[in-house]
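Student: got a predicted structure here, sequence first:
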Amino acid sequence: MDKLQAMAVFVRVVEAGSFVGAADKLGVSSSVVSRLVADLESRLEARLLQRTTRRLALTDAGRIYLARCQQILADIAEAESEIGSNDAEPTGTLRFTAPVSLGTRHLASLLPQFCARYPQVQLDISLADRSVDLVEEGLDLGLRIAAQMPGSYVARKITPIRVVVCAAPGYLMRFGTPTTPEALREHRALTYSYAAEGETWSFTDAQQRRSSVPVRSVMRANNGDVLVAAARAGEGVILQPTFLVGDDLRSGALVPLLQDYHLPALALQAIYPSRRHVSAKVRAFIAFLHSEWGDTPPWDAWLQPPVGNVPPLSR
C-alpha cells in the first residue's frame with residue numbers, strides 16, 4: 001500500500017463526507033477508496049471512521065490522524081513547489097491562529113492588503129485566546145502575546161505589547177485612586193483567565209524594585225473585550241494591553257493608573273514548530289506584519305505622554 005496515497009484518500013473522504021464523493025473527486029471507484037481506507041486502518045490498528053448507512057464520523061484517533069495527514073500532505077506540496085529556490089513565490093493555504101481581540105480589532109483590516117500582495121496565498125484563520133497545539137491542529141503559524149515562548153517553538157517578535165492598569169472615572173470617584181501597587185489589594189479587579197500571572201500583578205518602580213500584588217478579582221473572563229466593557233461601566237480595575245484600551249484612554253473613558261511603575265514587557269510573537277520547514281508563505285506573513293506594526297504599532301502612536309510601561313513614542 002502506498003502510504004501517501006492512502007493518507008490523501010483518507011483526507012479526501014473526510015472532506016467529501018462519503019466514499020462515493022471522494023471517489024468522484026479522485027476519479028476512481030468507491031470500492032478502491034473503501035479498500036485504501038480499510039488497509040490504512042488495518043496498518044494503524046485503529047479505526048479512523050465510524051460508518052453508518054447515513055453518514056461517516058471521525059473517531060478520536062481519526063481526528064488526530066487527519067490533522068497529521070493534512071499537515072504532511074501540505075508540507076510535501078509546499079516542498080515540491082519551492083524546491084530549487086529559496087525565493088519562491090508564497091503560495092498555498094496559510095493556516096494560522098491569533099488572539100481574538102487583536103484579530104478583530106487590528107489584524108482583520110490588514111489581511112486584504114496581504115491577500116492583494118500575495119494573491120496565490122489563501123488564508124485559513126482561527127481566532128482563539130487559548131493555548132493551541134499547532135501541530136495537532138494542523139496550523140502553520142500562531143500569533144501569541146507573551147514575554148517568552150516554550151522551547152518547543154521557534155518565536156519571531158512582531159511588535160511590542162504594552163499593558164496598562166486603568167479604571168473608569170466613575171469607579172475612581174466611588175472607590176478612590178490607588179497610588180501604589182499595594183493599594184490595589186483594596187480594589188475590585190477584573191482579571192483575564194489566560195493571564196500568565198493569574199491574579200497577581202507585578203510592578204517595578206524607578207529604583208528597579210519589584211513587587212507582586214495579589215488582587216481581589218470580582219470578575220474573570222477569557223476575553224479582554226468583556227473586561228474592558230466592564231471597566232468602562234465602572235465595575236473595577238483592569239490590567240490590559242493598549243491595543244484594547246487605547247481608544248478608551250484617549251477619550252477619557254478609562255484613566256491610566258500607577259504611571260510611575262513599570263509592568264512586565266510583552267511582545268506579539270509569531271511562533272511555529274522548530275522541526276518544521278519555514279515556508280515562503282509563513283516568512284512572507286511574518287515580514288508583512290512586522291513591516292506594518294514594527295516597534296511602534298499604530299495603536300500606540302498617539303500615546304504622549306507615556307502610559308503604564310509605554311516608553312516615549314514619536315508621532
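Tutor: Perfect, I can see it now.
Student: residue ranges for the strands of the stretch 151-300 of the chain, please.
Tutor: Assigned by DSSP state E, counting those that start in this stretch, the stretch 151-300 of the chain shows strands spanning 153-161, 163-167, 188-192, 200-204, 210-214, 216-221, 237-241, 255-257, 266-273.
Student: Leu123: which of those strands is closest?
Tutor: Of all the strands of the stretch 151-300 of the chain, strand 266-273 sits nearest to Leu123, with 14.6 Å by CB to CB. All C-beta atoms are positioned from the backbone trio N, CA, C, and that covers glycine.
Student: in a markdown table: the strands of the stretch 151-300 of the chain, plus distance to Arg63, mean neighbour count and mean pLDDT.
Tutor: Formatted as a markdown table, the strands of the stretch 151-300 of the chain follow (distance: least, CB to CB, whole Å; neighbours: other CB atoms under 10 Å; pLDDT from 0 to 100):
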| stretch | distance to Arg63 | mean neighbour count | mean pLDDT |
| --- | --- | --- | --- |
| strand 153-161 | 22 | 19 | 86 |
| strand 163-167 | 36 | 26 | 94 |
| strand 188-192 | 29 | 23 | 94 |
| strand 200-204 | 37 | 18 | 89 |
| strand 210-214 | 40 | 13 | 88 |
| strand 216-221 | 29 | 15 | 93 |
| strand 237-241 | 33 | 25 | 94 |
| strand 255-257 | 45 | 19 | 94 |
| strand 266-273 | 19 | 21 | 87 |
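Student: could I get those strands as JSON lines with distance to Ser101?
Tutor: Below are the strands of the stretch 151-300 of the chain laid out as JSON lines (distance: least, CB to CB, whole Å):
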{"stretch": "strand 153-161", "distance to Ser101": "12"}
{"stretch": "strand 163-167", "distance to Ser101": "13"}
{"stretch": "strand 188-192", "distance to Ser101": "11"}
{"stretch": "strand 200-204", "distance to Ser101": "19"}
{"stretch": "strand 210-214", "distance to Ser101": "25"}
{"stretch": "strand 216-221", "distance to Ser101": "11"}
{"stretch": "strand 237-241", "distance to Ser101": "9"}
{"stretch": "strand 255-257", "distance to Ser101": "19"}
{"stretch": "strand 266-273", "distance to Ser101": "12"}
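Student: quick one: which of the ones you listed is nearest Ile76?
Tutor: With CB to CB as the measure, strand 266-273 is the member of the strands of the stretch 151-300 of the chain nearest Ile76 (16.2 Å).
Student: now do the closest one against strand 237-241, angle only.
Tutor: Angle, strand 266-273 to strand 237-241, by axes from the mean of the first three to the mean of the last three CA atoms, to 10 degrees: 50 degrees.
Student: for strand 266-273, C-alpha coordinates in PDB please.
Tutor: The C-alpha trace of strand 266-273 is given here as PDB (Å, rounded to 0.1, in the frame of the first residue of the first chain):
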ATOM      1  CA  LEU A 266       5.400  41.600  26.500                       C
ATOM      2  CA  ALA A 267       5.500  41.000  22.800                       C
ATOM      3  CA  LEU A 268       3.400  39.800  19.900                       C
ATOM      4  CA  GLN A 269       5.300  36.800  18.700                       C
ATOM      5  CA  ALA A 270       4.900  34.600  15.600                       C
ATOM      6  CA  ILE A 271       5.500  31.000  16.600                       C
ATOM      7  CA  TYR A 272       5.900  27.800  14.600                       C
ATOM      8  CA  PRO A 273       7.200  24.300  15.400                       C
END
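Student: which SS class is Ser109?
Tutor: coil (DSSP: H, G, I helix; E, B strand; the rest coil).
Student: distance check, it against Trp299.
Tutor: With distances defined as CB to CB, to the nearest Å, the gap from Ser109 to Trp299 amounts to 12 Å.
Student: out of these two, which sits in the more crowded spot?
Tutor: Per other CB atoms under 10 Å, whichever of Ser109 and Trp299 has more neighbours is Trp299, with 22 against 11.
Student: tell me the pLDDT at the more buried one?
Tutor: pLDDT for Trp299: 87.
Student: what sits against Pro298?
Tutor: Counting by CB atoms under 8 Å, 6 or more residues apart in numbering, Pro298 touches His106.
Student: where in this protein is pLDDT low?
Tutor: Within the chain, the stretches with pLDDT under 70 are 1, 53, 77-87, 148-152, 274-277, 301-315.
Student: can you list the domains in it?
Tutor: Here the domain parsing of the chain from automatic domain parsing is 3-81, 130-310.
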